[in-house]
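Visitor: sharing a sequence plus its predicted fold:
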Amino acid sequence: MGVKGKQKTAAISRAAAPTAYPPPGQYSVTQRITLLCPTPGARIYYTVDGSEPHAGSALFDPYQLIFLDALNEGNRGLKTYYTIRAIAIKDGMAASGIASFDYTIDRRDRDVYVSKAIHPGVRMISDFDDDKMFLITGSRRALLIDTGMGNGDLRGYVQSFTGDLPLDVVITHGHPDHIAAMGQFQADHRVYMHPADLPMVRNFVDTRGYAIDLRRIQEVHEGFRFDLGDRTLVVYEVPGHADGELVLLDETNGILFAGDAVGSNRPTIVDAAWLHMKGRPPVDVFLSALQVFRAKVRGRVREIYTGHNDEPLYGEAYLDSLQRAAQKVVDQGSGILTPSLRPAGAWQVIEGDRLADPNWAAINLMPETALSAPPGKIATLSNLQVGGIALNPGFAPDRFSYMATLENSAGAVEIIATATSSLYSRLTINGTAVESGEPFRADLPPGDNRFDIRVTSPDGTITSAYMLVVNRKS
């Protein structure tokens, strides 16, 4: 009599349960939630009303993060509760278990400010929307950088830390989340801002009713120094996000207060360098502004505090990421852009892993205005340096004639020409081929020395000529 064989049924593996970033918990501002699943190819379905998710629920799109809004009722901040439930499904596998994520958004009142000391003599102040202001207290004076978007008594709050110490205020740029309380200081403090952003401020005075006296805004430009006694902050211009965008470098401590000039990279909100708004320059022009600034401060920036990051960025590493992001668009074109995670409708380039790299960077752009010319047709320099000598006028890609004066008796100088596109086909100085970004040693007899610098586009069809005159005083 035969023995009946036992049938074996293969176990069906199960998809891993989804996880959420940022993790569940309490936050004070709007969050954008990313759902993740370690099972490759799994689809994540979710609900935000507490109901059980299934294959007919909303499908998570990594380019459309789940929006958990922070709410105010008038001035009063509200505490709002959200529950996200999610399931992962993959063909040929059993569905995952249901994961549940609870969030509380506890919004601050619009007239409330909070702060913390981040360095000796440096305090980070946050308004209801976590816009950042910085109060630097020196031995003789104090300096407030930006005035946020709140409507509380910022002046009184600042004075609680400065006492009778003289105070100046500097605005990094004219957007509303940096200027709202500016007028509180104008009666008896000097308030500084680059004049290029005055039209923008005037618009917000008219449309939002900000109590700002435009006539009492002091002009400030690159090179201005705020001497606080035991430390000095130097102003640099880095236009892009705004025409009058300023940054301030604490030279002694290597701290850069950057406003929005180099963007922010909070991974949860989600942040970027915003160049997608109407009237903003193409990314090749921003790349030049970034390179010009970095050449002036090379090796001196240890930490960067932006207008929105909660923690400092490591200076050179973050700026390297931002520069690489810009360079990718210059070299490869707008076809590499992906939908922006914020705001909807914009596009962006990302360098680094948002969820793992603290120095990741992103730039928001619009494809039709991302570049001043197609990648193959870019024939400009992005920087020109002459042995540490200041150029007159300062460098800009669309300015083709420069002067520089050598005050000492040196008989030679190093010229560094940087091509905007790293795919340029030819770069020459007085007919000699040179490498982009590499020093070219030039002899300098007394008097005017003329250098013809030419750069040819990647496709070889366009050549731009820059003229540099270096005067060596005899």
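Guide: Thanks, I have it.
Visitor: which stretches of the stretch 301-450 of the chain aren't confidently modelled?
Guide: 408-409 (pLDDT under 70).
Visitor: what ranges do the helices span in it?
Guide: Secondary structure of the stretch 301-450 of the chain, counting by DSSP state H, counting those that start in this stretch: helices at 315-332.
Visitor: kindly report the same for the stretch 51-200 of the chain.
Guide: Counting by DSSP H, counting those that start in this stretch, the stretch 51-200 of the chain forms helices over residues 154-162, 176-179, 198-208, given from the N-terminal end onward.
Visitor: ranking these by burial, who's on top?
Guide: Comparing the helices of the stretch 51-200 of the chain on average neighbours per residue, with mean count of other CB atoms under 10 Å, the densest one is helix 176-179 at a mean of 22. In short, each C-beta sits where N, CA and C put it, glycine included.
Visitor: helices and strands around that one, which ones?
Guide: helix 198-208 (3 or more CB pairs under 8 Å, 6 or more residues apart in numbering; DSSP states H and E).
Visitor: could you point out which element follows the helix it packs on?
Guide: strand 217-219 (DSSP states H and E).
Visitor: helices or strands up against that following strand?
Guide: Under the contact criterion of 3+ CB pairs under 8 Å, 6+ apart, strand 217-219 touches strand 190-193.
Visitor: and the strand it packs on, what other elements does it pack with?
Guide: Short answer (3+ CB pairs under 8 Å, 6+ apart): strand 190-193 packs on strand 167-170, strand 217-219.
Visitor: tell me which residues of that strand are tucked away?
Guide: By neighbour count, with 16 or more other CB atoms under 10 Å as the criterion, the buried positions of strand 190-193 are 191-193.
Visitor: for stretch 443-458, same thing?
Guide: Buried-residue list, stretch 443-458, by 16+ other CB under 10 Å: 444, 449, 451, 453-458.
Visitor: over to stretch 79-95?
Guide: Along stretch 79-95, the positions that meet the burial threshold by neighbour count (16+ other CB under 10 Å) are 82, 84-90, 93, 95.
Visitor: now do stretch 207-223
Guide: For stretch 207-223, burial by neighbour count (16+ other CB under 10 Å) applies to 210, 212, 217, 220.
Visitor: my guess is the last one contacts His194. True?
Guide: Yes. Counting by CB atoms under 8 Å, His194 is a contact partner of Val220 at 6.2 Å.
Visitor: and Asn359, what does it touch?
Guide: Contacts were defined as CB atoms under 8 Å, 6 or more residues apart in numbering; by that measure Asn359 touches 265, 313-314, 317-318, 320-321, 352.
Visitor: now, the buried residues of stretch 443-458 that are in strands?
Guide: 449, 451, 453-456 (DSSP state E).
Visitor: so where's the stretch 1-150 of the chain uncertain?
Guide: 1-11.
Visitor: can you give me the strands in it?
Guide: When assigned using DSSP state E, counting those that start in this stretch, the strands of the stretch 1-150 of the chain occupy the ranges 19-21, 25-27, 31-36, 43-47, 58-59, 66-68, 72-73, 76-77, 79-89, 99-106, 114-119, 122-126, 132-137, 142-145.
Visitor: CA atoms only for stretch 142-149, dumped as PDB, please.
Guide: Coordinates of each C-alpha in stretch 142-149 appear next as PDB, following Å, rounded to 0.1, in the frame of the first residue of the first chain:
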ATOM      1  CA  ALA A 142      25.100  94.600  19.800                       C
ATOM      2  CA  LEU A 143      23.800  93.700  16.400                       C
ATOM      3  CA  LEU A 144      20.400  92.100  15.500                       C
ATOM      4  CA  ILE A 145      20.300  90.300  12.100                       C
ATOM      5  CA  ASP A 146      16.700  90.300  10.600                       C
ATOM      6  CA  THR A 147      13.400  90.900  12.400                       C
ATOM      7  CA  GLY A 148      11.300  87.900  11.400                       C
ATOM      8  CA  MET A 149       7.600  87.700  10.600                       C
END
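Visitor: that one: how far from the chain's middle?
Guide: With CA atoms, centre = their mean, to the nearest Å as the basis, stretch 142-149 stands 18 Å off its chain's centre.
Visitor: separation between the residue most central in space within the chain and Met124?
Guide: If you average the C-alpha coordinates of the chain and look for the closest C-alpha using CA atoms, centre = their mean, you land on Gly263, 0.9 Å from that point. From Gly263 over to Met124 the distance is 18 Å, taken as CB to CB, to the nearest Å.
Visitor: what's the answer for Ser474, then?
Guide: Ser474 sits 52 Å away from Met124 when distances are taken as CB to CB.
Visitor: try Ser421
Guide: To Met124, Ser421 is 38 Å away according to CB to CB.
Visitor: with Phe204 instead?
Guide: 24 Å.
Visitor: what's the answer for Met93, then?
Guide: In this view, Met93 and Met124 are 47 Å apart by CB to CB.
Visitor: ok, Leu341 next?
Guide: When CB to CB is the yardstick, Leu341 and Met124 sit 25 Å from each other.
Visitor: which one of these two has more residues nearby?
Guide: Leu341 (23 against 19; other CB atoms under 10 Å).
Visitor: contact partners for the more buried one?
Guide: Leu341 makes contact with 32, 63, 65, 270, 272, 348, 362, according to CB under 8 Å, 6+ apart.
Visitor: check contacts around Phe440.
Guide: With contact taken as CB under 8 Å, 6+ apart, Phe440 is in contact with 414-417, 429, 432, 434.
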